[in-house]
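A.B. asks: predicted model, plus sequence, below.
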Amino acid sequence: MSVQIAGVLLDPYGEIASFAEIKFITTQGAGEVMTTAPATYKTSADGSYSMNIQFGVFIVQMRYNQSNGKFQQIKKVIVNSNTVATTLGELLLNNEPLTPPEIAYVEQLVAEAKEYRDESEVFAAASEASAQNSASSAAESAQSAIDAANSAALIAPIPLNGGVWASGQTYDFYNQYMIYNGEAYSPLPATVLPYTVGAVPDLGFVYQIKLNDHSLLANLNAVGAHDKIYRRGHDSVLDCVNYTGHVMGNKYEVDDYYGGTEPSNSGVLFFTVVPAGTGTADGGKYIDIDANFQLEQNLKIPYNVKQWGAKADDTTPADIPFSNAIAYARANGLVGQINFSGKFFFSETPVFYSHLIYQGAGKGGTILRVEPGKNGVQINPTPADSVSYMEMRDFSIKSTNTFPAVNDNVGLKIDLTASCRRLNIRDVDISGFKNGVDGKCPFYLCTFKNMQIVGIVPRDINDIPNYTNDNSFGFASGFNDNVGDVRDATTVTMENVFTGSFGIGIHNRYTAAMQLINCVSERNFYGVLADKGLYGAMYQEWNKNSCLNRGLHQPTGVQITAINETSSWGAFTAATVEAARGSYQRSLNGARSDKTYSDVLPIVVSTSTQYFEFQSENGEAISKTSAPAHRIIGPYEVEVYLTDTNSTPTVDGTYIIDIWVKEDAEATYRSVRRSFMQLVAANSFLGTSNFNYKGVVRGNLSNVRVSVSRVGGEGFTITGNELSMVVRRISQ
């Protein structure tokens with residue numbers, strides 16, 4: 001099948017193009033036409049031509065001046081059943097647009113036409129009639145070139161369905177195109193139209209074309225602009241998802257995760273369009289678009305929770321974005337880092353996992369606020385997993401629990417049956433919880449530095465039976481409550497840690513080596529409770545009513561190997577004080593001023609508190625006294641010596657020794673120290689209690705008394721030298 005074209009060929013000056021040659025080179029034939037087969041036509045002396053062009057795709061070349069000897073390429077054309085051109089100019093006009101090289105060639109033709117016009121005058125002298133026809137043909141040819149140049153924009157390929165490939169779309173014209181995976185496709189000339197496409201291009205019916213509308217390189221938002229050569233901009237992730245022109249491989253820049261008037265300050269995010277199902281949608285690394293596409297984020301390292309949509313407005317729950325960011329970081333990299341800044345709200349307790357660094361932007365500017373009644377942050381699922389390395393830095397964990405709390409919520413919960421190694425927490429504050437740090441695990445090489453841990457117990461509350469012992473503490477390590485569940489916190493270092501407004505400031509529940517460096521326990525009911533090993537430097541502000549049970553008050557440099565202080569409220573059992581067996585406290589070296597009291601008046605030792613009354617001081621008889629007086633300011637130590645009488649009933653068991661002090665301005669005695677003694681038949685036991693009291697603060701005189709009670713068992717009587725007491729002033 002063929003199309004006939006005929007006419008008179010004119011050069012760009014409008015003069016007749018006599019004996020010009022027109023060559024058609026086949027690039028894709030139809031029917032019997034072979035690919036690459038050429039055909040050449042020559043105009044007559046009057047510039048006229050008439051030819052039949054077979055169906056196919058051809059490159060059109062032309063040579064005006066035979067003496068020049070060169071053919072110049074003009075156009076690539078398609079000839080098929082839809083071709084309506086009747087002249088060569090129309091055929092060229094209704095096919096692919098002029099490219100810049102082709103436009104340059106048209107300009108070259110204009111220049112060559114002048115040369116050819118001079119040569120045509122020689123032919124005109126030989127034939128006057130031919131000259132007239134040549135002039136007419138040249139005028140027509142020039143007009144055709146001008147028309148072709150002016151029509152370049154009008155004959156550009158036409159996008160179908162906005163240029164986006166979609167199954168079920170129908171091609172009606174050969175110059176229509178759709179883009180699939182970054183490439184443009186049009187129907188083959190041999191394809192019978194209309195043609196309906198499937199899900200992917202079928203190269204038996206369509207072929208790749210090059211889009212020659214060069215304005216798309218400058219106008220990036222135009223339909224058909226190729227996304228492989230730039231990144232399309234979007235205001236937010238939602239704006240990007242809602243964009244209707246997604247093509248596989250497209251790349252996007254998103255100004256902010258949320259954008260608009262309430263941005264999340266995530267910074268610029270980068271996405272690539274990938275096939276649906278490439279990854280698990282988590283709101284960050286992968287975001288679903290529809291059934292065909294996903295957005296894959298090119299994440300910056302270190303990771304930031306805002307890349308997953310966490311919003312630091314202290315209102316929008318950040319539970320899911322934090323969880324997804326942590327899960328991705330755990331799955332990608334040996335040790336990853338999670339960054340976060342701003343104020344985040346959690347409706348449930350966030351879980352921090354091992355092998356990650358959790359980095360805030362400062363304790364004042366980075367806050368994790370948790371719903372009241374919930375724990376603040378939990379390390380690894382409880383109570384099964386272990387920690388081999390983790391760091392937490394530069395943020396605060398807060399809640400708004402009020403006194404008394406509805407449950408035993410914890411600011412930082414570490415409840416692991418396996419070991420917790422190299423947990424390093426620095427510049428992390430905790431406030432608003434009934435308990436601060438609960439370390440129920442074997443600690444190894446763990447440090448807690450520059451922390452302020454504040455509870456919810458108000459100052460000067462005298463009746464808090466539910467806020468004593470082990471259910472309200474600022475920092476607790478180790479665990480030995482249950483048989484077979486001894487989680488020995490082996491090595492813990494606390495440096496510059498403040499605890500306040502708890503039942504107990506620091507509780508060493510079962511730590512072999514717990515070091516305190518410049519730590520403070522203030523406004524707690526009890527300063528320090530140690531069931532095993534503890535050493536280091538502690539400070540308390542006594543003149544600020546810091547610890548109602550007077551806690552531990554040690555100047556710098558004192559090594560504390562064990563301090564036992566349990567609540568003076570509520571009943572005690574043998575299990576409560578079992579870990580206190582054999583404990584002692586080391587005091588400062590130096591000169592001492594001693595007073596030894598002996599020859600105690602008979603008292604019945606029972607579960608009730610009984611005060612000592614002595615009849616001898618430093619070996620000399622005195623009137624009975626239960627209140628030795630001191631006028632010198634400084635720390636004091638009280639040592640009580642109790643001997644087993646082997647009497648009946650048995651005296652085996654645990655005993656509680658309390659030290660009481662009353663200053664001049666005080667109406668009643670107050671307990672400042674409690675220690676425990678374990679008596680075994682046929683043995684004696686020496687217990688030391690150091691109260692380090694700076695006397696004469698509220699007046700001119702300080703008075704001391706000591707009491708004893710036993711934990712369970714029948715009462716028995718002691719008298720004489722079965723009980724003695726030494727009071728020493730420690731030189732400073």
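C.D. replies: Yep, that arrived. Numbers count the residues shown, from 1 in each chain.

A.B. asks: okay, the closest residue in space to P187 that isn't next to it in sequence: pLDDT?
C.D. replies: Closest residue to P187 apart from its sequence neighbours, by CB to CB, 6 or more residues apart in numbering: Y171 at 4.7 Å. C-betas here are computed from N, CA, C, even on glycine. At Y171, the pLDDT value in this model is 94.

A.B. asks: list the contacts for Y171?
C.D. replies: Residues in contact with Y171 (CB atoms under 8 Å, 6 or more residues apart in numbering) are 160, 186-187, 191, 193-197, 206.

A.B. asks: mind running it again at 7 Å?
C.D. replies: By CB atoms under 7 Å, 6 or more residues apart in numbering, the contact list for Y171 reads 160, 187, 193-195.

A.B. asks: just the buried residues of those residues.
C.D. replies: 160, 187, 195 (16 or more other CB atoms under 10 Å).

A.B. asks: could you measure the first one against G204, distance?
C.D. replies: Just to be clear, that refers to L160. 19 Å (CB to CB, to the nearest Å).

A.B. asks: cool, the last one as well?
C.D. replies: Distance, Y195 to G204, using CB to CB: 11 Å.

A.B. asks: try Q678
C.D. replies: Counting by CB to CB, the gap from Q678 to G204 is 94 Å.

A.B. asks: try K434
C.D. replies: Counting by CB to CB - K434 and G204 are separated by 74 Å.

A.B. asks: assumed A325 was part of a helix.
C.D. replies: Yes: if the criterion is DSSP: H, G, I helix; E, B strand; the rest coil, then A325 is within a helix.

A.B. asks: wait, V406 touches S399, no?
C.D. replies: No: here V406 does not reach S399: they are 11.5 Å apart, not a contact under CB atoms under 7 Å.

A.B. asks: the more surrounded of the two?
C.D. replies: Neighbour count, other CB atoms under 10 Å: between V406 and S399, S399 has more, with 24 against 10.

A.B. asks: my guess is T607 contacts R710, does it?
C.D. replies: Yes: judged on CB under 7 Å, T607 makes contact with R710 at a distance of 6.2 Å.

A.B. asks: between those two, tell me which one has more neighbours.
C.D. replies: Between T607 and R710, counting by other CB under 10 Å, R710 is the more crowded of the two (21 against 14).

A.B. asks: for Q176, see how far away the more buried one is.
C.D. replies: 100 Å.

A.B. asks: likewise T26?
C.D. replies: As judged by CB to CB, T26 and Q176 stand 23 Å apart.

A.B. asks: for the stretch 251-400 of the chain, what spans make up the helices?
C.D. replies: Using DSSP state H, counting those that start in this stretch, the helices of the stretch 251-400 of the chain run over 319-331.

A.B. asks: from memory N618 sits against Y597, does it?
C.D. replies: No: taking contacts as CB under 7 Å, N618 lies outside contact range of Y597: 8.4 Å.

A.B. asks: okay, now the closest residue to W165 other than its chain neighbours: neighbour count?
C.D. replies: If you skip the residues right next to it in sequence, W165 has Y180 as its closest partner in space, 3.8 Å away by CB to CB, 6+ apart. For Y180, the neighbour count with other CB under 10 Å is 18.

A.B. asks: appreciated, that's everything.
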